[in-house]
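[1] Got a sequence here, can you build the structure:
(chains A and B)
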Amino acid sequence: MKWTKTLIQTLREVPADAEIDSHKLLVRAGLVRKVAGGLYAYMPLGMRTLRKIQQIVREEMDRSGAQEIVAPILQPAELWRTTGRWDAMGANMFRLSDRGEHEFALGPTAEEVFTDLAKGVLNSYRQLPVIIYQIQWKFRDETRPRFGLMRSKEFLMKDAYSFDMDADGADKSYWTMYHAYERIFARCGLKAVPVQADGGDMGDSLTHEFHVLADAGEDGIAWCEKCGYAANLERAERRVESAADAECAPCEEVATPDARTIEQVAAFMGLAPSAFVKSLVYVADGKCVMVCVPGDRDVNEVKLKRFLGAKNVALADNGAVLAATGANAGFVGPVGPADAQMRIVADLSLKGAAGRIVGANRDGFHLKSVSLARDTRLADADYADLTIVKAGDACPHCGGAMEIKRGIEVGQVFKLGTKYSAAFNAVYKNDKLEEKTMIMGCYGVGVSRTLQAIIEQSHDKDGIVWPSAVAPYSVVVELLDPSVPDVAKVAEDIELALEAKGIDVIVDDREERPGVKFKDADLIGFPVRVVVGAKGLAAGGVEIKRRDEAKDKTRIVAPAAAADTVAGIL
RNA sequence: CGGGGCGUAGCGCAGUCUGGUAGCGCGUUUGCUUGGGGUGCAAAAGGUCACGAGUUCAAAUCUCGUCGCUCCGACCA
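    Numbering: from 1, shown residues only, chains lettered A, B, ... in the order given. Alright, predicted model coming up:
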């Protein structure tokens, strides 16, 4: 392919709306162009990479025995009403109506559609297990699209769904997909790590997210170097030493005027934040709940939601706090609140704690020497792991010190159980003619997000450094003297020789100065560069260099040997 | 959804406070020049100053409204 015949536009300047490197490079290298907020067009170079990633995903899915289909993007509301998600999805889902006022969603995911399809096709145990997948555009009305393809309103996703007879089969399907994902990301040149994740509405279901570790990532991950434990912060646990109830002096009120936050009270009393118990009032499905955590920790709302079995939890507003406790936020504590009906829960690490300082439920006052066992009505069943893990916390497996890292979620594998199959009555007949509900799993890869994650993980100050498997072209031939026929002929011969080997190559035949061409080649990041110029040919040959090598690693070879040399280092 | 910022040529921006002929750099086109890491010179094309209403002799500039983009936060099967 000749550069002058392709639509490539690189930008010398950084787009004003890009924050992170991968987004800047995506646009500067001309892979995508923004059409509107959260909506991008893939230009020819971007399209080539997107197709290569798709192809890797497709090959590994097929290799795992999954079968590709394609389901409509436009999905009838009835399917979503069957599982109750027409309402549950809320504003995240794009909705529209046809002229007959039938309602539809633009698919944000496809559990309903696939379960409904499976119900119609799968009837007998003889057909199971089955894994079907599609690579299809998905739509989500994100409140805040950002970082280019990282979080956009429209994105390409591979979604797969498994249907099994029993729990063992579902387990097998889960790990089959898990291993396929390891291969997919490895082949894309990505270091993606599986981390334990929260099951969301599915509660304790087994689920892993695959994350590309990067500072620009939007998710926090707890990471244990010692034993390999990795978990999303929503889910991550820590080892807590259980303590017997400690003794302390009777509790006593102290005036703490104008000291509301833990930091203020800690400074006022000259004590560390960990000596305090932070008490927060939440509203869980309409009812107030007081949540107590150590003063130096934050509440994990996902864990709280799960522990309470609530659909929604949110911090109560000041009015509700006052009504429930008799004090304003800042002076709230787990001791005799005004609303004696209000449930109180506490983090497991507070079990047996004594000598702590808590709010007195009276403005301007705190209580000291508080024993949670003696002075509150917290029962054993009210303690649970409710905090967000911090750097240095003990790993739940080995006790080693954990680190906190950032990650970009590029895939997730998820055991669904019978949530969807039961809703649709997706059953099969076993060998005793009994009807059984199929056990499902779902498995997603963010294909377009993966594209950007690769750039985020693999770039330098000059531009993208594509892994060979996903580069828009594997090789660029820099023809420095396109107007000199003999030189152009050499480039042409190398192009043909590479194509004969099945290597995709682009020849930069533009009438530009060498500097411009080198800058563009580095910016776009072709894995191998072959320089063909009159000067070089006179001196002995063409120059071959990998994008990730220093200039002094350049190989000089005869033109006839160029294609073999390139094939050898790709 | 709450708070901030911004909408001026394909891209990046100045001009707005203090109203008076629409500017700069990059890119594009043409000519010359240069020729191994974004050469240099010259010329040219390219604009509904987001949109609407108002104030004024006169509005990119002032007022009101609308729309869009963006950052921080909340949210994110």
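
[2] Would you point out which residue of the stretch 351-500 of chain A is nearest RNA strand B?
    With C-beta to the nearest atom of the strand as the measure, A:Gly444 is the residue of the stretch 351-500 of chain A nearest to RNA strand B, at 4.2 Å. Bear in mind the C-beta positions are built from the backbone N, C-alpha and C, glycine included.

[3] in its sheet, what does the helix or strand encompassing that residue sit against?
    According to DSSP states H and E, A:Gly444 maps onto strand A:439-446. Within its sheet, and counting by DSSP bridges, strand A:439-446 is paired with strand A:154-164 (antiparallel), strand A:403-417 (antiparallel).

[4] if I pick the residue nearest to A:Leu74 when sequence neighbours are not counted, what's in contact with it?
    With sequence-adjacent residues excluded and distances taken as C-beta to C-beta, 6 or more residues apart in numbering, A:Leu74 is closest to A:Phe104, at 5.1 Å. Contacts for A:Phe104 (C-beta atoms under 8 Å, 6 or more residues apart in numbering) come out as A:74-77, A:95-98.

[5] and A:Val35, how far is that from A:Pro76?
    27 Å (C-beta to C-beta, to the nearest Å).

[6] higher neighbour count, the two?
    A:Pro76 (16 against 10; other C-beta atoms under 10 Å).

[7] Make sure the more buried one is actually in contact with A:His102.
    Yes. With contact defined as C-beta atoms under 8 Å, A:Pro76 and A:His102 form a contacting pair (6.9 Å).

[8] What distance do you get for A:Pro76 to RNA strand B?
    Distance from A:Pro76 to RNA strand B, counting by C-beta to the nearest atom of the strand, to the nearest Å: 18 Å.

[9] which residue packs closest to the residue most central in space within chain A, ignoring adjacent ones?
    Averaging the C-alpha coordinates of chain A gives a centre point, and the residue nearest to it by C-alpha atoms, centre = their mean is A:Glu409 (1.8 Å). In this structure, A:Glu409 finds its nearest non-sequential neighbour in A:Glu209, 5.0 Å apart by C-beta to C-beta, 6+ apart.

[10] try A:Glu492
    A:Val507 (7.5 Å).

[11] And for A:Ala310?
    Nearest non-adjacent residue to A:Ala310, counting by C-beta to C-beta, 6+ apart: A:Ala284, 3.9 Å away.

[12] pLDDT on stretch A:107-122, on average?
    In this model, stretch A:107-122 has an average pLDDT of 96.

[13] Stretch A:284-295 now?
    Rounded mean pLDDT across stretch A:284-295 is 89.

[14] Can you mark which positions in that stretch are buried?
    With burial defined by 16 or more other C-beta atoms under 10 Å, the residues of stretch A:284-295 counted as buried are A:284, A:288-295.

[15] Redo the residues you listed as TSV? Include secondary structure.
    Putting the buried residues of stretch A:284-295 into TSV (DSSP: H, G, I helix; E, B strand; the rest coil) gives the following:
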residue	secondary structure
A:Ala284	strand
A:Cys288	strand
A:Val289	strand
A:Met290	strand
A:Val291	strand
A:Cys292	strand
A:Val293	strand
A:Pro294	strand
A:Gly295	coil
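
[16] from those residues, which single one is nearest RNA strand B?
    Once C-beta to the nearest atom of the strand is applied, the member of the buried residues of stretch A:284-295 that ends up nearest RNA strand B is A:Ala284, at 12.9 Å.

[17] Quick check: phi and psi on the closest residue to A:Phe276 other than its chain neighbours?
    Excluding its sequence neighbours, the residue lying closest to A:Phe276 (C-beta to C-beta, 6+ apart) is A:Gly295, at 3.1 Å. Taking degrees, to the nearest 10, you get phi -60, psi -20 for the backbone angles of A:Gly295.

[18] Next up, the contacts around A:Asp548.
    A:465, A:527.

[19] State the distance from it to A:Lys436.
    53 Å.

[20] that older thread, which of the contacts of A:Phe104 are buried? Put it as a PyMOL command.
    Burial among the contacts of A:Phe104 is assessed by 16+ other C-beta under 10 Å; the matching PyMOL selection reads:
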select buried, chain A and resi 75+76
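
[21] What about the contacts of A:Phe104, which are in helices?
    Among the contacts of A:Phe104, DSSP state H puts A:Ala77 in helices.

[22] mind listing what A:Ile357 touches?
    Contacts for A:Ile357 (C-beta under 8 Å, 6+ apart) come out as A:254, A:265, A:269, A:271, A:275-277, A:295, A:366-368, A:370.

[23] Sketch out the low-pLDDT regions of chain A for me.
    Along chain A, segments meeting pLDDT under 70 span A:201-204, A:243.

[24] okay, now the domains of it?
    In terms of domains, chain A is parsed into A:16-191+A:415-455, A:252-384, A:473-569 (source: automatic domain parsing).

[25] Can you lay out those domains as JSON lines showing distance to A:Ile221?
    Formatted as JSON lines, the domains of chain A follow (distance: least, C-beta to C-beta, whole Å):
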{"stretch": "domain A:16-191+A:415-455", "distance to A:Ile221": "13"}
{"stretch": "domain A:252-384", "distance to A:Ile221": "14"}
{"stretch": "domain A:473-569", "distance to A:Ile221": "27"}
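
[26] Tell me which of these lies nearest to A:Lys2.
    Of all the domains of chain A, it is domain A:473-569 that lies closest to A:Lys2, at 5.0 Å by C-beta to C-beta.

[27] end-to-end on that closest one?
    For domain A:473-569, the first-to-last residue distance is 15 Å (C-alpha to C-alpha, to the nearest Å).

[28] Count the neighbours of the nearest residue to A:Thr376 once chain neighbours are set aside for me.
    Nearest residue to A:Thr376, sequence neighbours excluded (C-beta to C-beta, 6+ apart): A:Pro334, at 4.5 Å. For A:Pro334, the neighbour count with other C-beta under 10 Å is 27.

[29] For A:Pro334, give me its contacts.
    Counted by C-beta under 8 Å, 6+ apart, A:Pro334 has contacts A:277, A:279, A:290, A:292, A:344, A:346, A:358, A:372, A:376, A:378.

[30] mind redoing it with 7 Å?
    A:279, A:290, A:292, A:344, A:358, A:376, A:378 (C-beta atoms under 7 Å, 6 or more residues apart in numbering).

[31] for A:Ala329, same thing?
    A:318, A:321.

[32] That one is in what secondary structure piece?
    Going by DSSP H and E, A:Ala329 is not in any helix or strand.

[33] now the residue nearest to A:Gln412 when sequence neighbours are not counted, which residues is it bridged with?
    Closest residue to A:Gln412 apart from its sequence neighbours, by C-beta to C-beta, 6+ apart: A:Glu209 at 4.8 Å. For A:Glu209, the beta-bridge assignment (DSSP bridges) gives partners A:Val195, A:Gln412.
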